[in-house]
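> sequence unknown, structure follows:
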């Protein structure tokens with residue numbers, strides 16, 4: 001029975017609810033209520049879609065009485081305030097979808113729904129988890145993002161040992177935190193978004209993370225506003241990314257926070273950090289964003305080598321593709337000379353850093369016992385260069401950069417900058433330069 005988008009204001013006539021009915025789609029209608037007393041005799045009905053009936057606010061308790069074979073129930077995007085207690089008798093139910101039911105404040109015990117594999121309670125008005133959650137041993141998917149749930153009771157997650165997808169809200173006024181040891185015990189977990197209260201919980205998660213994890217976004221500390229929140233210049237080909245955000249934490253250095261499975265790291269308003277990392281080995285990191293690290297002086301401290309033969313091998317930083325720096329007023333040079341030969345950067349964005357004087361350091365460096373000033377450098381991977389609100393910026397690079405892949409150049413509010421030392425080709429799609437006189441310093445290669 002398919003009557004999706006048919007402008008219905010009430011359920012179809014009882015004669016259409018035949019005993020042999022297998023699936024019913026009544027989504028995107030104007031049904032306002034399912035009155036008590038209406039109880040269709042459809043024991044074979046396996047799928048019932050009532051989603052996006054935005055005015056639906058009442059489901060009578062007797063409605064599910066004879067729907068004993070129901071496996072998928074979708075009530076998402078409706079106006080319901082409570083789920084009837086009779087839902088507890090749908091013991092064959094594998095998917096219960098209640099996302100975006102903003103007025104929903106009551107869900108009865110789910111203890112008897114032991115076949116349940118997918119539970120979506122995202123953006124509901126629920127303030128407490130339904131009772132019986134720990135009995136859902138076959139649950140694979142749990143989404144509480146945007147809900148009002150304030151506490152995930154200790155001991156529940158380890159009981160949900162088959163979870164593959166876990167999403168908890170991280171940005172709303174109510175932050176739902178979890179324990180690192182409980183998340184790391186979910187060995188089948190593939191996708192996760194969750195918050196850890198402190199660095200100890202994150203280290204538990206990092207050290208015990210499942211080898212099956214293919215995508216995650218974890219936050220540590222109390223999330224606060226950052227202008228970097230939705231900034232994405234570089235995207236994974238698969239669309240999957242493993243990212244960690246650290247907010248307002250007292251961190252001396254971040255070496256213990258990097259791991260092979262994390263590909264994007266963001267630090268927001270973290271204090272005490274003069275150097276991001278005292279080691280130049282940063283594992284599989286691809287994207288690095290820094291916002292409001294006001295005393296940060298350098299990204300990575302130069303390693304100390306006993307002899308030229310021990311210089312870092314080319315490719316130590318080969319995975320780092322994107323660096324975004326915002327309001328890091330203690331930095332004077334973004335990329336020191338010793339680091340340049342290790343990078344294959346695609347994106348460089350530096351904004352609102354008061355003391356920034358050079359983007360790429362260009363003083364003489366020691367390479368195999370000889371000094372080189374490197375007046376010419378190829379940056380073949382660079383796609384995006386943005387420098388804005390840097391009142392003391394004097395140089396992007398003192399020599400010349402050949403960037404055959406560059407697509408975007410943005411320069412603005414950098415009053416001391418006199419040249420843009422970039423040789424570009426036909427790949428350029430966007431160029432915004434203020435003042436326009438700097439355009440004359442950009443060279444073109446046909």
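Nice, I can see it. Keep in mind that what you see is a predicted model, and the values were worked out from it rather than measured.
> now the residue nearest to residue 216 when sequence neighbours are not counted: how far from residue 244?
In space, not counting the residues next to it along the chain, residue 216 is nearest to residue 192; the distance is 4.5 Å by C-beta to C-beta, 6 or more residues apart in numbering. C-beta: built from backbone N, CA, C; applies to glycine. Here the distance between residue 192 and residue 244 works out to 11 Å (C-beta to C-beta, to the nearest Å).
> pLDDT weak spots in the stretch 51-200 of the chain?
Low-confidence segments of the stretch 51-200 of the chain, defined by pLDDT under 70: 170-172.
> Can you show me the strands along it?
Listed in chain order, the strands found in the stretch 51-200 of the chain under DSSP state E, counting those that start in this stretch are 58-59, 72-74, 95-97, 118-120, 141-144, 165-168, 177-178, 191-196.
> Those strands into TSV, with extra columns for distance to residue 294?
Compiled in TSV, those are given as follows (distance: least, C-beta to C-beta, whole Å):
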stretch	distance to residue 294
strand 58-59	54
strand 72-74	48
strand 95-97	45
strand 118-120	41
strand 141-144	34
strand 165-168	30
strand 177-178	26
strand 191-196	24
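> Dump the ones you listed to CSV, plus mean neighbour count and distance to residue 219.
Conversion of the strands of the stretch 51-200 of the chain to CSV gives the following (neighbours: other C-beta atoms under 10 Å; distance: least, C-beta to C-beta, whole Å):
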stretch, mean neighbour count, distance to residue 219
strand 58-59, 19, 35
strand 72-74, 20, 29
strand 95-97, 21, 26
strand 118-120, 21, 21
strand 141-144, 22, 15
strand 165-168, 21, 10
strand 177-178, 20, 9
strand 191-196, 22, 5
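> what secondary structure does residue 245 sit in?
Three-state secondary structure (criterion: DSSP: H, G, I helix; E, B strand; the rest coil) places residue 245 in strand.
> That one contacts residue 217, correct?
Yes. With contacts defined as C-beta atoms under 8 Å, residue 245 counts as touching residue 217 at a distance of 7.3 Å.
> The closest residue to residue 102 other than its chain neighbours: what's it in contact with?
Here the nearest residue to residue 102 in space, its sequence neighbours aside, is residue 125; by C-beta to C-beta, 6+ apart that works out to 5.8 Å. With contacts defined as C-beta atoms under 8 Å, 6 or more residues apart in numbering, the neighbours of residue 125 are 101-105, 147-148.
> Can you tell me which of these is closest to residue 407?
The shortest distance between residue 407 and any of the contacts of residue 125, using C-beta to C-beta, involves residue 147 and amounts to 39.9 Å.
> Can you give me the neighbour number for the closest one?
Neighbour count for residue 147, taken as other C-beta atoms under 10 Å: 26.
> ok, back up a step: contacting residues around the residue nearest to residue 216?
Shown in contact with residue 192 (C-beta under 8 Å, 6+ apart): 165-167, 183, 213, 215-218.
> how close does the residue nearest to residue 102 get to residue 435?
Distance, residue 125 to residue 435, using C-beta to C-beta: 53 Å.
> How about residue 153?
Distance check for residue 153 against residue 435: by C-beta to C-beta, it reads 60 Å.
> Then residue 263?
Relative to residue 435, and taking C-beta to C-beta, residue 263 is found at 38 Å.
> again with residue 203
Applying C-beta to C-beta to residue 203 and residue 435 gives a distance of 48 Å.
> cool, and residue 240?
Taking C-beta to C-beta as the measure, residue 240 falls 42 Å from residue 435.
> same check, this time on residue 399
Residue 399 sits 23 Å away from residue 435 when distances are taken as C-beta to C-beta.
> again with residue 52
Distance from residue 52 to residue 435, by C-beta to C-beta: 52 Å.
> So which of those two has more stuff around it?
Comparing residue 52 with residue 435 by other C-beta under 10 Å, the one with more neighbours is residue 52, at 18 against 11.
> Could you pull out the strands in the stretch 251-400 of the chain for me?
Read by DSSP E, counting those that start in this stretch, the stretch 251-400 of the chain holds these strands, from start to end of the chain: 264-268, 275-277, 287-291, 298-300, 322-326, 333-335, 347-351, 358-360, 365-367, 370-372, 376-378, 384-388, 400-403.
> Now render those strands as a markdown table, adding distance to residue 427, mean neighbour count and mean pLDDT.
Below are the strands of the stretch 251-400 of the chain laid out as a markdown table (distance: least, C-beta to C-beta, whole Å; neighbours: other C-beta atoms under 10 Å; pLDDT from 0 to 100):
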| stretch | distance to residue 427 | mean neighbour count | mean pLDDT |
| --- | --- | --- | --- |
| strand 264-268 | 25 | 23 | 91 |
| strand 275-277 | 31 | 20 | 80 |
| strand 287-291 | 21 | 23 | 93 |
| strand 298-300 | 27 | 20 | 84 |
| strand 322-326 | 18 | 22 | 95 |
| strand 333-335 | 22 | 21 | 92 |
| strand 347-351 | 14 | 22 | 96 |
| strand 358-360 | 20 | 22 | 93 |
| strand 365-367 | 29 | 15 | 47 |
| strand 370-372 | 28 | 10 | 50 |
| strand 376-378 | 14 | 13 | 79 |
| strand 384-388 | 11 | 21 | 96 |
| strand 400-403 | 8 | 19 | 86 |
